[in-house]
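A.B. asks: generate a structure from the sequence data that follows.
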Amino acid sequence: MVLDVILYILVFSLIIAGIVGCFLPVLPGPPLSLAGYLLLLLTPSEGGVTWWTITILTILTAFTVIADIVVPALGVKVFGGTKWGNWGCILGSIVGLFFAPWGIILGPFIGAFLLEYVTSRKFQASLLSATGSFVGFVVGAGLKVVVSLVILLFAIIALFF
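C.D. replies: Residues are numbered from 1 along each chain as shown. As a prediction, this is how the structure comes out:
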């Protein structure tokens with residue numbers, strides 16, 4: 001009984017940490033939430049957890065991990081950036097991972113700006129391209145929040161319904 005309560009607390013702590021992680025780049029948001037959901041398999045409520053929901057939530061979580069890199073690059077494109085801005089954004093995203101938390105936010109912006117500026121020598125266009133990467137980052141963060149909240153919803157349904 002006590003172990004069950006501890007597991008439930010851990011489940012919801014991980015899910016809430018995942019939601020917070022959508023805003024703090026140091027924490028991997030949806031993967032933490034998914035880990036909390038998977039812990040439900042160890043509780044008496046595991047009957048509410050199905051392989052279909054695990055599969056769907058895992059796919060959604062993987063989508064957000066990929067979107068963290070792809071969506072800022074799409075933002076560059078939407079804001080008129082060139083392929084160089086896209087490459088700068090992607091490279092900045094990867095390099096930024098090593099300088100968390102600020103590198104995760106600033107890496108795509110700086111990468112898009114630098115490669116765009118080096119290749120075009122147009123400050124305004126480079127800044128607009130970099131702004132697109134930041135807008136893409138914000139959209140990606142929004143996607144992560146939605147997925148983490150969906151995981152929370154499925155956990156609540158598994159426990160109480």
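A.B. asks: pLDDT weak spots in this structure?
C.D. replies: In the predicted model of the chain, residues 45-47 satisfy pLDDT under 70.
A.B. asks: repeat that with 50
C.D. replies: Within the chain, not a single segment meets pLDDT under 50.
A.B. asks: do a quick rundown of the helices in it.
C.D. replies: Taking DSSP state H as the criterion, the chain contains helices spanning 2-21, 29-39, 51-78, 83-96, 102-120, 123-160.
A.B. asks: buried sites along the longest one?
C.D. replies: Residues of helix 123-160 classed as buried under the neighbour-count rule (16 or more other Cβ atoms under 10 Å) are 125-137, 139-141, 143-145, 147-152, 154-155, 158-159. In short, each C-beta sits where N, CA and C put it, glycine included.
A.B. asks: tell me what it is packed against?
C.D. replies: helix 2-21, helix 29-39, helix 51-78, helix 83-96, helix 102-120 (3 or more Cβ pairs under 8 Å, 6 or more residues apart in numbering; DSSP states H and E).
A.B. asks: can you check the third one too?
C.D. replies: Contact partners of helix 51-78 among helices and strands, from 3+ Cβ pairs under 8 Å, 6+ apart: helix 29-39, helix 83-96, helix 102-120, helix 123-160.
A.B. asks: right, and these - which one's nearest residue 53?
C.D. replies: Taking Cβ to Cβ, helix 123-160 is the member of the helices and strands packed on helix 51-78 nearest to residue 53, at 5.4 Å.
A.B. asks: centre of the chain versus that closest one, how much separation?
C.D. replies: 6 Å (Cα atoms, centre = their mean, to the nearest Å).
A.B. asks: now do that helix and helix 102-120, the angle between them.
C.D. replies: Using axes from the mean of the first three to the mean of the last three Cα atoms, to 10 degrees, one finds that helix 123-160 and helix 102-120 are set 150 degrees apart in direction.
A.B. asks: can you give me the angle helix 123-160 makes with helix 29-39?
C.D. replies: Using the same axes, to 10 degrees: helix 123-160 against helix 29-39 is 10 degrees.
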